[in-house]
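Novice: Here's my sequence, what's the structure:
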Amino acid sequence: MKIAILPMGQVDPDVIAKIQESLGMTLPEHTFAQVSEPTPLPAEACDEEREQYLSNIILAKIHSYADSVSADRILGVVDVDIYMPPLNFVFGQAESPGKVALISLWRLRPEFYKRKPDLELFMERSTKEAVHELGHTLGLKHCSNPFCVMYFSNSVFETDRKQSLFCNKCYLGLERTKNKQGEKH
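Specialist: Just a heads-up that it's a prediction; the model follows:
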């Protein structure tokens, strides 16, 4: 499966390259390619009072690129704080199942929590959230195993606790989905 990575707004290109590399190591059966040019964030997604962006509007913008990008999935990456009512914030959002997913780097940096910068921790968190949202595009739901990448992270501490891989139950769910898709072709 080919997955395109779409930077939206101001996102450090080095971070995008590291996410692409990390995803390639975590999900070696897939190929990852960055969409060449960053896409502007939709202005209508910005809630100036909250100083956050509404994630479903950004997700819809990513979806509008789906036909022009030759990939099976598109992962949008933003470096702004996002939310989705009724939640105060989200690390990401995805169509489940579907073609598009979104992650925000904003709350994944240790500096957000008044800690010193830690690139390795930041990249671990980014990879976990990217794999989690891509898992949703493949039809996986949240998992009750707190160490599975599909566990719902209500805080960055829960993201830190989980692994970047699927538990056995979720992995089997992915295999069943692949087999069903294979039968349709």
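
Novice: you'd agree residue 63 is in a helix?
Specialist: Yes: secondary structure of residue 63 (DSSP: H, G, I helix; E, B strand; the rest coil): part of a helix.

Novice: List the contacts of the closest residue to it other than its chain neighbours.
Specialist: In space, and not counting its chain neighbours, residue 63 is closest to residue 100: 5.0 Å by Cβ to Cβ, 6 or more residues apart in numbering. C-beta: built from backbone N, CA, C; applies to glycine. By Cβ atoms under 8 Å, 6 or more residues apart in numbering, the residues touching residue 100 are 59, 62-63, 66, 73-76, 94, 137.

Novice: Nearest to residue 88, out of these: which one, please.
Specialist: Nearest to residue 88 among these, counting by Cβ to Cβ, is residue 59 at 17.9 Å.

Novice: ok, back up a step: which ones among the contacts of residue 100 map onto helices?
Specialist: Mapping those onto helices (DSSP state H) picks out 59, 62-63, 137.

Novice: Quick check on residue 33: phi, psi?
Specialist: phi -140, psi 140 (degrees, to the nearest 10).

Novice: residues contacting residue 105?
Specialist: 11, 15, 77-79, 122, 126.

Novice: about what we covered before: report the buried members of the ones in helices among the contacts of residue 100.
Specialist: Neighbour counting by 16 or more other Cβ atoms under 10 Å classes 59, 62, 137 among these as buried.

Novice: Could you double-check that the second one lies in contact with residue 6?
Specialist: The reference is to residue 62. Yes: Residue 62 is within contact range of residue 6, at 6.2 Å (criterion: Cβ atoms under 8 Å).

Novice: Identify the contacts common to these two.
Specialist: Common neighbours of residue 62 and residue 6, counting by Cβ under 8 Å, 6+ apart, are 74, 76.

Novice: So what does residue 3 look like in phi/psi?
Specialist: The phi/psi pair for residue 3 (degrees, to the nearest 10) is phi -120, psi 120.
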